[in-house]
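K.L.:
sequence and predicted model, in that order:
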Amino acid sequence: MTPQPADPLSATFAALADPTRRAILARLAGGETSVSELAAPFAMSGPAVTKHLKVLEKAGLISRSRAAQRRPAKLEPAALKAVTEWLEDYRRHWEASFDRLDDYLAEIQKKDD
């Protein structure tokens with residue numbers, strides 16, 4: 001059995017690490033979809049897609065409802081908020097670093113002229 005990540009952000013990144021799961025999320029961005037519809041473009045069985053859906057569901061990236069025999073899945077965009085905030089902190093850090101580097105390089109160029 002695979003160990004569970006210690007925090008939600010780790011679970012989200014673990015779920016996003018797989019290209020099939022990212023493709024499933026991209027398909028779900030168009031709206032609620034059944035397992036069979038999600039499985040169609042992949043060379044895998046419905047149960048294999050269901051395993052991917054369970055990982056996405058545990059990470060909070062999707063939710064699944066029950067409509068008669070169907071168990072449609074839908075994207076939960078709020079779950080990506082923690083990822084966005086985490087990435088935003090690093091984006092600001094690197095932009096500030098690059099701005100300082102630009103200033104330093106401009107200063108050096110002025111000295112050389």
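P.N.:
On my side now, so go ahead.
K.L.:
can you tell me which residues contact the residue positioned nearest the centre of the chain?
P.N.:
Per CA atoms, centre = their mean, the C-alpha nearest to the average position across the chain is that of residue 16, at 4.4 Å. By CB atoms under 8 Å, 6 or more residues apart in numbering, the contact list for residue 16 reads 22, 25, 59, 61, 83. Any C-beta I mention is one placed from the backbone N, CA and C, and that applies to glycine too.
K.L.:
could you dump those residues to CSV with pLDDT?
P.N.:
Rendered in CSV, the data for these read as follows (pLDDT from 0 to 100):
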residue, pLDDT
22, 96
25, 94
59, 94
61, 95
83, 89
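K.L.:
what subset of the residues you listed is buried?
P.N.:
Buried members of the contacts of residue 16, scored by 16 or more other CB atoms under 10 Å, are 25, 59, 61.
K.L.:
dump the residues you listed into a markdown table; add secondary structure as well.
P.N.:
As requested, the buried ones among the contacts of residue 16 are exported to a markdown table (DSSP: H, G, I helix; E, B strand; the rest coil):
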| residue | secondary structure |
| --- | --- |
| 25 | helix |
| 59 | coil |
| 61 | coil |
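K.L.:
which of those sits closest to residue 75?
P.N.:
Nearest to residue 75, judged by CB to CB, of these is residue 25 at 6.3 Å.
K.L.:
let me see the contact set for that closest one.
P.N.:
Taking CB under 8 Å, 6+ apart as the definition of contact, the neighbours of residue 25 are 16, 56, 61, 62, 75.
K.L.:
quick revisit: ok, of the buried ones among the contacts of residue 16, which one's closest to residue 110?
P.N.:
Using CB to CB as the measure, the one of the buried ones among the contacts of residue 16 that approaches residue 110 most closely is residue 25, at 48.2 Å.
K.L.:
can you pull the pLDDT of the residue nearest to the centre of the chain?
P.N.:
At residue 16, the model reports a pLDDT of 94.
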